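> 3D model of this:
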Amino acid sequence: MNIIRFIEDVGLPIAGGIIMGYFIFLIMKQLMSNLVNDIKGVQAITKMLITRASIMNNDMIRIDTSVSSALNLPPDLDRIARAENFVEDGKIDARRD
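Numbers count the residues shown, from 1 in each chain. From the prediction side, this is the model:
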């Protein structure tokens, strides 16, 4: 019985403190692993929302040019030029609608 021998060597309060510390460590480890998984999920959702926002920007420009063409109005070339050269995180938007 190693546990009883350990309690005899260090005393009951110290052994109890070590055991309680170990349980607290296990609980904190589980909480942190769950927190890391939640953060990764939020990061994935954020990346998807950023992608959707850039796609919506391209779609808005396409709709704007279509409406301008249908109404025989000149399209806003400055807005189109700004969107064509949009670079985010070192990546140029490859979609050319």
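
> only C-alpha atoms for contact and neighbour calcs from this point on.
Fine.

> pLDDT on the helix ranked longest in the chain, on average?
Longest helix of the chain, by residue count under DSSP state H: helix 12-70. For helix 12-70, mean pLDDT rounds to 88.

> Can you spell out which helices and strands pack onto that helix?
helix 77-84 (3 or more C-alpha pairs under 8 Å, 6 or more residues apart in numbering; DSSP states H and E).

> hmm, 10 Å instead?
Counting contacts by 3 or more C-alpha pairs under 10 Å, 6 or more residues apart in numbering; DSSP states H and E, helix 12-70 packs against helix 2-10, helix 77-84.

> Centre-most residue in this protein?
Against the mean C-alpha coordinate of the chain, by C-alpha atoms, centre = their mean, the closest residue is residue 43 at 0.7 Å.

> want to try TSV for the helices and strands packed on helix 12-70, with distance to residue 71 and mean neighbour count as columns?
Output for the helices and strands packed on helix 12-70, formatted as TSV (distance: least, C-alpha to C-alpha, whole Å; neighbours: other C-alpha atoms under 10 Å):
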stretch	distance to residue 71	mean neighbour count
helix 2-10	87	11
helix 77-84	16	12
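
> Include distance to residue 63 when you put those helices into TSV, please.
Output for those, formatted as TSV (distance: least, C-alpha to C-alpha, whole Å):
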stretch	distance to residue 63
helix 2-10	75
helix 77-84	12
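
> Out of those helices, name the one with the poorest average pLDDT.
helix 77-84 - the lowest mean pLDDT of these, at a mean of 72.

> hang on, the earlier thing: and the longest helix of the chain, how far out from the chain middle?
4 Å (C-alpha atoms, centre = their mean, to the nearest Å).

> That helix relative to helix 77-84, how many degrees between them?
When axes from the mean of the first three to the mean of the last three C-alpha atoms, to 10 degrees is applied, the directions of helix 12-70 and helix 77-84 differ by 140 degrees.

> Contacts only, for the residue nearest to the centre of the chain.
37, 49 (C-alpha atoms under 10 Å, 6 or more residues apart in numbering).

> again, but for residue 49
43, 55.

> one step back: please name whichever of the helices and strands packed on helix 12-70 is nearest to residue 22.
helix 2-10 (14.5 Å; C-alpha to C-alpha).

> for the closest one, the distance to its chain's centre please.
48 Å.

> Thanks again, I'm all set now.
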